[in-house]
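>>> Quick one: sequence plus predicted model below, questions after.
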Amino acid sequence: MDHENDQSDPVDPKEIAKTPVGERSDRFIGHRGQASSKPRSAPVGPQGQPLASDAGAHRRGFIIIIAAVIGIGGWILYNTARSATESPETFGLGADRFEVSRDSKKFSESVMKNGPRLYQALAGDSDLWVNFVDGKWVAFTAWPADKGRTCPVQWSLATKQFTDCTNRVWPPNGAGLVAYQTIEEDGVLAIDLRTTIAPAP
């Protein structure tokens, strides 16, 4: 090894021994008088605990925000899906006025294609059939007056007629069953549950 190019000052071991450890300079610690490379320590808080870097704090904050947005979005989607799957046939009865549809034209096309709709009350016995017959809306009870709710009137796709538990036949307009007044205004179809129409004899 060529010692002629070594420009560092020699270090006397006795001098190192006499110097307290806490006061020894980098010259004693490093190689050939050069300061040793030490990793930079992380900043610490008042209690001595390490503090997170700004980049890490921002990253965690961003993750928390994204998680909150996803959670809120999931909650909205869940409630939207649940509302969409709740059948209107079992919702809304029990009031004085039941709104069947806000688009009576589209609803009439659906009824003519798929048959009348049965609406079951959440409380009480106001089960109703709603049908569109000869260009008119009709709404009537889903059971005969002399039998009650235990003898439901069912629609037959094959015969296009109603039948009850005794196999009695009822026409599509529900003649012979207790009917209710229907109201159609500005495309909104509703049933007035306060006004009944006595069945034809």
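Structure received. Numbers count the residues shown, from 1 in each chain.

>>> Any stretches of this protein with poor pLDDT?
1-57, 74-95, 122-125, 199-201 (pLDDT under 70).

>>> Tell me where it has strands.
97-101, 117-119, 128-133, 136-141, 154-156, 161-163, 169-170, 179-185, 188-197 (DSSP state E).

>>> Let me have the ones you listed in TSV, adding mean neighbour count and distance to Ala67 as columns.
Backbone N, C-alpha and C define where each C-beta goes, glycine included. Shown next, in TSV, are those (neighbours: other C-beta atoms under 10 Å; distance: least, C-beta to C-beta, whole Å):
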stretch	mean neighbour count	distance to Ala67
strand 97-101	18	39
strand 117-119	19	42
strand 128-133	22	46
strand 136-141	21	49
strand 154-156	14	50
strand 161-163	18	54
strand 169-170	16	57
strand 179-185	17	48
strand 188-197	16	42
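
>>> Out of the ones you listed, which is closest to Gly71?
With C-beta to C-beta, the closest approach to Gly71 among the strands of the chain belongs to strand 97-101: 33.6 Å.

>>> Run a quick neighbour tally on the residue nearest to Glu184 when sequence neighbours are not counted.
Leaving aside its sequence neighbours, Glu184 sits nearest to Ser104 (C-beta to C-beta, 6 or more residues apart in numbering; 5.4 Å). If you count neighbours by other C-beta atoms under 10 Å, Ser104 ends up with 20.

>>> which residues touch Ser104?
Trp137, Glu184, Gly187, Val188, Leu189 (C-beta atoms under 8 Å, 6 or more residues apart in numbering).

>>> of those residues, closest to Ala145?
Trp137 (21.1 Å).

>>> hey, what's the residue nearest to Phe107 when sequence neighbours are not counted bridged with?
Leaving aside its sequence neighbours, Phe107 sits nearest to Ser101 (C-beta to C-beta, 6+ apart; 3.9 Å). Following DSSP bridges, Ser101 is listed with bridge partners Leu189.

>>> I'd guessed Ser101 sits against Leu189; true?
Yes - applying C-beta atoms under 8 Å, one finds Ser101 in contact with Leu189, separated by 4.7 Å.

>>> Could you name every residue contacting both of these two?
Common neighbours of Ser101 and Leu189 (C-beta under 8 Å, 6+ apart) are Phe107.
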